[in-house]
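K.L.:
Next comes the sequence, and after it the predicted model I'd like to discuss.
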Amino acid sequence: MTRKTRHEIFIHAILILLIIVLAFPVFFALVTSTLSLQESYQYPPKLLPGNQFMNNLKEAWERVNIGRLFFNSTLISVVVAIVKTILALLAAFAYTHFKFRGQGLLFSMCMITQMLPLPVRIIPTYQLMANFNWINSYYALMVPFFASTTGLLLFRQFYMTVPADLPDAARVDGAGPMRYFWQILIPISKTNIAALFVIEFIFMWSQYLWPLIVTTTREMRVIQIGIKMLLASEQIAPEWNIIMAATVIAMLPPLVVLLILRKSFVEGIAMQTAK
Amino acid sequence: MNEDKFPGHKVLPYILITPSIAVIIIFLIGPFIQSVYTSFFVSTTFGTKTIFVGLRNYIRLFSSPDYLNSAVVTFKFAAFVIIVGLSVALAIAQLLNQKIRGVGFYQIALIWTYAISPTIAGVIWASMFAPSTGLIPYIISKISGGYTLNWMTNGQLALFIVAAAATWKMLGYNIIFYLAGLQNVPDEFLEAAQIDGANPWKSFWRITFPLLSPTTSFLLFVNMLYAFFQVFGLIDIMTHGGPGNATEILVYKLYRDGFIHLNTGSASAQSFIIFFVISVVAIIQLRIITRKAIYSR
């Protein structure tokens, strides 16, 4: 065996070990979700799956209406990711293809978004929701998240690399700016759009503090809060098997989105990192 | 660099940015200014009247042991998440960046945990570490011959476990960015260093690491935002800020003071302090990134 192949085997071994270690908590959650309550409290702890997953899921479903919460989370994540992408595309197009008065100032305003995450303006934003009569509505869960610096920067950087002949050619062909935007710019932005969708979907799916504050009824809660409700509703000891069944369900959508779009996602990030 | 590609369309750019700017003014800048304004007032017990108190909310915070404790906890927590998280991620990305077979598979197998929400990371770790019944206390007790790992009564330990859970969740994200950054390091640079007789360790610190500084500073900022805010759910699930207030990070205290104790003046002042800290880091980060842009020109 040459020194080089030995070196490569060594790297493979470490990487596989890392994959196992990093995935272990999720494996443990999967196993727990398939156990009966008794098995989940067995000592020493069980590491082999049982056959109670459907029962546990049914129990979780009935206790906190997982179906409804799952729907709410999916709806807000999809809508916010799409709206954020559209707004970012339009703004990036304006900032890179036009020259207009106040451009620098207006761009700085968009950049400030980065420094104003929800917690630094949470009380007035909550009061604003109350004034709009939006408390406990989908509007409150979605609208305050519509601005996206991440998206603006992602598309802006990409559009700055688009060769100038492209808009020139479009203009010569008699295409107006909006036609150029829809027929040329959007199609070549696909990778970045997919990457942004992944980032924003996962970001929205993870929201917890804001939904906790602006929703008041069980029908309007999101799945993250549902898990907290399952954990808190316990009288004596947490029923981990039931909680984990809900957790497994709550883990799936962002994972599916990431796996489906993984190629574009990785490429989009590589494009952003390369300057 | 930026020229008018469609001269003659004077109104269109404004129309294009109107939705973004409207959202930013109504939901970000407006509430933020309101929040700064509120931070100079206290409301009476029944919330019927507000009284101007100047900087008193701020002075109170800086002389409150609870608040200072929360600041220290946040600092320790963020430092752990950033230092451990970024170093481990960079080491893993470096391993992935070797020319080996199956990189595509390894990449996805190491980054997918990015899709897990902080809340979910919290609930899984809480179950693994559940005192006296969880898997990890069991293993530790077996290995050590009877030591009981009860972090519900040990503040420092609780902070460590919460920070470890938070770091685990963010690892995938950090790996993706570092790997992308490493792939942009030109091979010629490293080959030249090798010819000059630099060992891999030296060429990593002299060449690779400096070239990664835009990625590092970007990740530093993102991880700070993560450690300051997004971990709220993880803390709420795992410890509720306890035991005592050992894991009460600033955003958790802000939530308690603002929405449980309804002390809006103090909570608004806390918001502003957090804003100030992240702005300073954001500006430093921007400086580092722009400096890089000048080099590459």
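P.N.:
Ah, there it is. Given the structure is predicted, the values throughout are model-derived calculations rather than measurements. Numbers count the residues shown, from 1 in each chain, chains lettered A, B, ... in the order given.

K.L.:
hang on, isn't B:Ala269 packed against B:Val42?
P.N.:
No: using CB atoms under 8 Å, B:Ala269 makes no contact with B:Val42, being 10.1 Å away. C-beta here means a position set from N, CA and C on the backbone, and glycine is covered the same way.

K.L.:
So between the two, which is more surrounded?
P.N.:
Each of B:Ala269 and B:Val42 has its neighbours counted (other CB atoms under 10 Å in any protein chain shown); B:Ala269 has more, 28 against 18.

K.L.:
so that one is in which element?
P.N.:
Here B:Ala269, judged by DSSP states H and E, is contained in helix B:264-295.

K.L.:
Check whether that helix comes near chain A.
P.N.:
Yes: legend: contact between helix B:264-295 and chain A by CB under 8 Å from any CB of the partner chain is shown at B:Thr264, B:Ala267, B:Ser268, B:Ser271, B:Phe272, B:Ile274, B:Phe275, B:Ile278, B:Ser279, B:Ala282, B:Lys292, B:Ala293.

K.L.:
Could you identify the helix or strand that succeeds the longest helix along chain A?
P.N.:
Counting by DSSP state H, the longest helix found in chain A is helix A:66-97. As assigned by DSSP H and E, the chain's next helix or strand after helix A:66-97 is helix A:103-112.

K.L.:
Count the neighbours of the closest residue to B:Tyr226 other than its chain neighbours for me.
P.N.:
Nearest residue to B:Tyr226 in three dimensions, chain neighbours excluded: B:Met170, at 5.8 Å (CB to CB, 6 or more residues apart in numbering or on different chains). Other residues lying near B:Met170 total 26 when counted by other CB under 10 Å.

K.L.:
for B:Pro7, same thing?
P.N.:
Applying other CB under 10 Å, I find that B:Pro7 has 10 neighbouring residues.

K.L.:
Extract the residue ranges of chain A that are flagged as low pLDDT.
P.N.:
Within chain A, the stretches with pLDDT under 70 are A:1, A:233-235, A:274-275.

K.L.:
wait, what's in contact with the residue nearest to A:Ala147 when sequence neighbours are not counted?
P.N.:
In space, and not counting its chain neighbours, A:Ala147 is closest to B:Val23: 4.5 Å by CB to CB, 6+ apart. Going by CB atoms under 8 Å, 6 or more residues apart in numbering or on different chains, B:Val23 touches A:Leu87, A:Val143, A:Phe146, A:Ala147.

K.L.:
Dump those into TSV; add secondary structure as well.
P.N.:
Shown next, in TSV, are the contacts of B:Val23 (DSSP: H, G, I helix; E, B strand; the rest coil):
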residue	secondary structure
A:Leu87	helix
A:Val143	helix
A:Phe146	coil
A:Ala147	coil
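
K.L.:
Against B:Ile108, how distant is B:Gln194?
P.N.:
30 Å (CB to CB, to the nearest Å).

K.L.:
Ok, A:Glu39 next?
P.N.:
With CB to CB as the criterion, A:Glu39 and B:Ile108 are 32 Å apart.

K.L.:
same deal with A:Pro253?
P.N.:
17 Å.

K.L.:
So which of those two has more stuff around it?
P.N.:
Neighbour comparison, A:Pro253 and B:Ile108: the larger count goes to A:Pro253, with 19 against 16 (by other CB under 10 Å).

K.L.:
Put the alpha carbons of whatever helix or strand A:Leu258 lives in into CSV.
P.N.:
Using DSSP H and E, A:Leu258 falls within helix A:240-260. Provided in CSV are the C-alpha atoms of helix A:240-260 (Å, rounded to 0.1, in the frame of the first residue of the first chain):
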residue,chain,number,x,y,z
TRP,A,240,-40.0,11.3,25.2
ASN,A,241,-41.4,8.7,22.8
ILE,A,242,-44.4,10.9,21.9
ILE,A,243,-42.3,14.1,21.9
MET,A,244,-39.8,12.5,19.5
ALA,A,245,-42.5,11.3,17.2
ALA,A,246,-43.6,14.9,16.8
THR,A,247,-39.9,16.0,16.6
VAL,A,248,-39.3,13.6,13.7
ILE,A,249,-42.2,15.0,11.8
ALA,A,250,-41.1,18.6,12.5
MET,A,251,-37.6,17.7,11.2
LEU,A,252,-38.7,16.4,7.8
PRO,A,253,-39.8,19.4,5.6
PRO,A,254,-36.6,21.5,5.9
LEU,A,255,-34.6,18.4,5.4
VAL,A,256,-36.5,17.4,2.3
VAL,A,257,-36.1,21.0,0.9
LEU,A,258,-32.4,20.9,1.6
LEU,A,259,-31.9,17.4,0.1
ILE,A,260,-33.9,18.2,-3.1
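
K.L.:
Fine by me, thanks again.
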